[in-house]
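Trainee: 3D model of this:
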Amino acid sequence: MRFGARIARFSSSLSLLFSRNPSHLRRNLSSSATSAKACRLNNECGEFLPWLQQKAGSEISSVLFLGNSIFGKSLYASRSIQAGDCVLKVPYSAQITLDMLPLEISQLLLHGIDNVSQLALVLMAEQKLGAESEWAPYINSLPHMDEMHNTIFWSKDELCMIHQSPVYKETLEQKEHIEKEYSAIQPVLDQFPQMFGDTQLENFMHAYALVSSRAWRTSKGVSLIPFADFLNHDGMSDSVLLSDDSKEISEVIADRNYAVDEEVMIRYGKFSNATLLLDFGFTLPHNIHDQVQLIMDIPSEDPLYVAKLELLHRHCLLKSTNSQTSKTNNTGSSFIIKEVRSRGWKGKGIPQALRAFARVLSATSLEELREMTCEAAENDGRLARRPLKNKDREIRAHCILLSQLNYMIQGHDAAIEMLNSCSIPETSSHLSIRRKMGRDLLAGELRVLQSAHDWLTNHCASLRTQC
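Mentor: Numbering: from 1, shown residues only. Next up is the predicted model:
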């Protein structure tokens with residue numbers, strides 16, 4: 001069985017500006033030979049791989065070395081690498097996994113504590129051991145909390161910079177989830193002070209973020225994989241980390257050729273900047289996987305409110321995935337829009353379910369709703385999947401979407417303009433970095449929204465010529 005997926009939230013987690021060690025600036029550029037050779041002289045970097053290979057009892061890599069450049073820790077080619085070469089193999093025995101959690105701890109944990117929290121406990125126990133930990137070289141290589149840029153570590157003022165993005169609410173939800181996890185495990189922590197020390201919420205949040213940004217899903221559940229997790233992210237790469245249960249190893253196969261001293265990269269997943277920012281603490285200046293969450297609901301003043309609500313529920317088009325939305329409005333439904341690259345009639349990137357939702361919202365009579373129900377029964381069972389036969393009604397439905405998109409576009413435009421024209425001096429590198437990340441996030445979402453708006457505008461114009 002071969003698999004290997006990065007942990008990511010709601011995506012279900014974020015300039016290739018930061019290293020996966022999110023603490024440091026990074027760029028999607030090959031490192032220069034000068035900087036790479038300087039990395040070789042760093043004792044910490046030079047000793048890490050021999051330590052891990054001794055622990056594993058096998059060779060991890062003969063073609064990579066760990067560099068500690070100004071862009072953060074990353075892996076470089078120590079000799080020429082060809083596409084198809086295996087660049088590293090980390091056996092399961094050299095990974096930090098859930099089965100390292102002592103039985104007396106796991107038995108006390110409440111049912112429902114997530115795997116990330118459990119592995120965070122393993123990490124915290126190793127951190128408490130300090131130099132006595134058998135994993136000390138790895139633990140010491142991990143970034144400190146003040147070096148991480150996941151949005152859960154942003155201040156209220158910094159979060160306000162991305163208030164227009166769904167990431168704002170998702171960050172609040174993520175923090176709330178972590179706080180609940182901490183409250184649930186705190187009694188266990190208090191029972192074992194010799195193992196965890198005086199642990200506060202911020203310590204747990206740091207460990208949780210380290211796991212959620214660095215761990216991989218394997219047959220062990222969730223695993224921290226030393227050395228492999230120094231590989232930085234390239235959204236265009238076809239290389240991913242794979243796990244082979246039969247050989248009990250995790251490995252990476254190069255997707256292209258690399259020259260000596262060139263940085264070797266992989267793809268964590270097809271993640272948007274929203275995921276990268278929330279879960280990993282970095283963004284890309286132009287992320288081809290960017291997407292936007294769009295929330296649609298039935299206006300409470302709609303005369304057909306009850307009928308539309310029942311119809312959408314019956315056809316599973318009313319299912320909010322946003323807990324904050326569901327607390328205040330039980331008719332909200334979440335849709336993901338991707339960049340619309342097609343100029344044809346399909347409008348790839350705009351979900352069919354979203355257009356169906358808009359068609360239901362546009363109905364002005366019970367007869368129209370009955371017609372949609374009959375059409376679904378006569379075809380594939382999906383509600384309002386096909387364009388409405390009445391062109392005026394079809395245009396009206398799409399104008400509902402255009403109105404919502406236009407509202408979001410205006411909000412993103414204003415937020416970006418504020419970031420660009422902000423006269424507040426950047427007194428810290430953190431603020432400068434996070435402001436840049438905020439622009440990357442908002443600009444990517446704006447690009448997606450604008451592409452959908454342009455397609456719908458052209459589509460409606462085309463429909464009007466047919467009326």
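Trainee: now residue 391: how far from residue 456?
Mentor: 15 Å (CB to CB, to the nearest Å). Backbone N, C-alpha and C define where each C-beta goes, glycine included.
Trainee: who has more neighbours, these two?
Mentor: residue 456 (21 against 15; other CB atoms under 10 Å).
Trainee: tell me if the more buried one really is in a strand.
Mentor: No: read with DSSP: H, G, I helix; E, B strand; the rest coil, residue 456 is helix and lies in no strand.
Trainee: contacts only, for it.
Mentor: When contacts are counted by CB atoms under 8 Å, 6 or more residues apart in numbering, residue 456 touches 347, 350, 398, 401, 402, 405.
Trainee: pLDDT at it, what is it?
Mentor: As summarised for this prediction, residue 456 has a pLDDT of 93.
Trainee: same thing with residue 14?
Mentor: What the model reports for residue 14 is a pLDDT of 29.
Trainee: state the number of residues packed around residue 167.
Mentor: Residue 167, neighbours per other CB under 10 Å, totals 27.
Trainee: ah, wrong one, I meant residue 62
Mentor: As a burial measure, residue 62 scores 12 neighbours (other CB under 10 Å).
Trainee: let me know the secondary structure of it.
Mentor: Residue 62 is classified as coil under three-state DSSP.
Trainee: mind checking how far it is from residue 132?
Mentor: Computed as CB to CB, the residue 62 to residue 132 distance reads 31 Å.
Trainee: in strands, which of the contacts of residue 456 fall?
Mentor: Within those, no residue falls in strands by DSSP state E.
Trainee: now the spatially most central residue of the chain: phi and psi?
Mentor: With distances taken as CA atoms, centre = their mean, the residue of the chain nearest its centroid is residue 275 (2.2 Å). Phi and psi for residue 275, reported as degrees, to the nearest 10, are phi -70, psi -50.
Trainee: could you point out which residue ranges in the stretch 1-150 of the chain have low pLDDT?
Mentor: Within the stretch 1-150 of the chain, the stretches with pLDDT under 70 are 1-5, 8-44, 69-71.
Trainee: apply 50 and report the result again.
Mentor: For the stretch 1-150 of the chain, applying pLDDT under 50 flags the ranges 2, 10-39, 41.
Trainee: tell me where it has helices.
Mentor: For the stretch 1-150 of the chain, the helices defined by DSSP state H, counting those that start in this stretch occupy 33-40, 43-56, 103-106, 115-129, 136-141.
Trainee: out of these, nearest to residue 173?
Mentor: The closest of the helices of the stretch 1-150 of the chain to residue 173 is helix 115-129. By CB to CB, the value is 14.7 Å.
Trainee: can you report how many residues lie near residue 306?
Mentor: Burial measure for residue 306: 10 neighbouring residues, criterion other CB under 10 Å.
Trainee: the helix or strand in which it is found packs against which elements?
Mentor: In the assignment (DSSP states H and E), residue 306 maps to helix 305-314. The helices and strands touching helix 305-314, judged by 3 or more CB pairs under 8 Å, 6 or more residues apart in numbering; DSSP states H and E, are helix 352-362, helix 366-378.
Trainee: dump those to TSV, plus distance to residue 306 and mean neighbour count.
Mentor: Output for those, formatted as TSV (distance: least, CB to CB, whole Å; neighbours: other CB atoms under 10 Å):
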stretch	distance to residue 306	mean neighbour count
helix 352-362	13	21
helix 366-378	11	14
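Trainee: quick one: the ones you listed as JSON lines, columns for mean pLDDT too.
Mentor: Compiled in JSON lines, these are given as follows (pLDDT from 0 to 100):
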{"stretch": "helix 352-362", "mean pLDDT": "94"}
{"stretch": "helix 366-378", "mean pLDDT": "92"}
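Trainee: among those, which comes closest to residue 312?
Mentor: Short answer: helix 352-362, nearest of those by CB to CB, at 6.0 Å.
Trainee: elements contacting the closest one?
Mentor: Judged by 3+ CB pairs under 8 Å, 6+ apart, helix 352-362 is in contact with strand 291-296, helix 305-314, strand 333-338, helix 366-378, helix 391-421.
Trainee: in its sheet, what does the first one sit against?
Mentor: Paired with strand 291-296 in the same sheet, following DSSP bridges, are strand 333-338 (antiparallel).
Trainee: next, format the helices and strands packed on helix 305-314 as CSV and append distance to residue 464.
Mentor: Shown next, in CSV, are the helices and strands packed on helix 305-314 (distance: least, CB to CB, whole Å):
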stretch, distance to residue 464
helix 352-362, 16
helix 366-378, 20
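Trainee: first-to-last residue distance for stretch 131-144?
Mentor: 16 Å (CA to CA, to the nearest Å).
Trainee: repeat for stretch 379-394
Mentor: Terminal-residue distance, stretch 379-394 (CA to CA): 19 Å.
Trainee: how about the helices and strands packed on helix 305-314, which one is nearest residue 7?
Mentor: helix 352-362 (26.6 Å).
Trainee: distance from that closest one to the middle of the chain?
Mentor: Computed by CA atoms, centre = their mean, to the nearest Å, the separation of helix 352-362 from the middle of its chain amounts to 27 Å.
Trainee: repeat for stretch 196-207
Mentor: Taking CA atoms, centre = their mean, the mean C-alpha location of stretch 196-207 is offset from the chain mean by 23 Å.
Trainee: same check, this time on stretch 179-187
Mentor: Distance of stretch 179-187 from its chain centroid, counting by CA atoms, centre = their mean, is 24 Å.
Trainee: in it, what's buried?
Mentor: Neighbour-count burial for stretch 179-187, counted by 16 or more other CB atoms under 10 Å, picks out 181, 182, 185.
Trainee: for residue 215, state which of those residues is nearest.
Mentor: Minimum distance to residue 215 across the buried residues of stretch 179-187 is 15.2 Å, recorded for residue 181 (CB to CB).
Trainee: before I go, just wanted to say thanks for your time.
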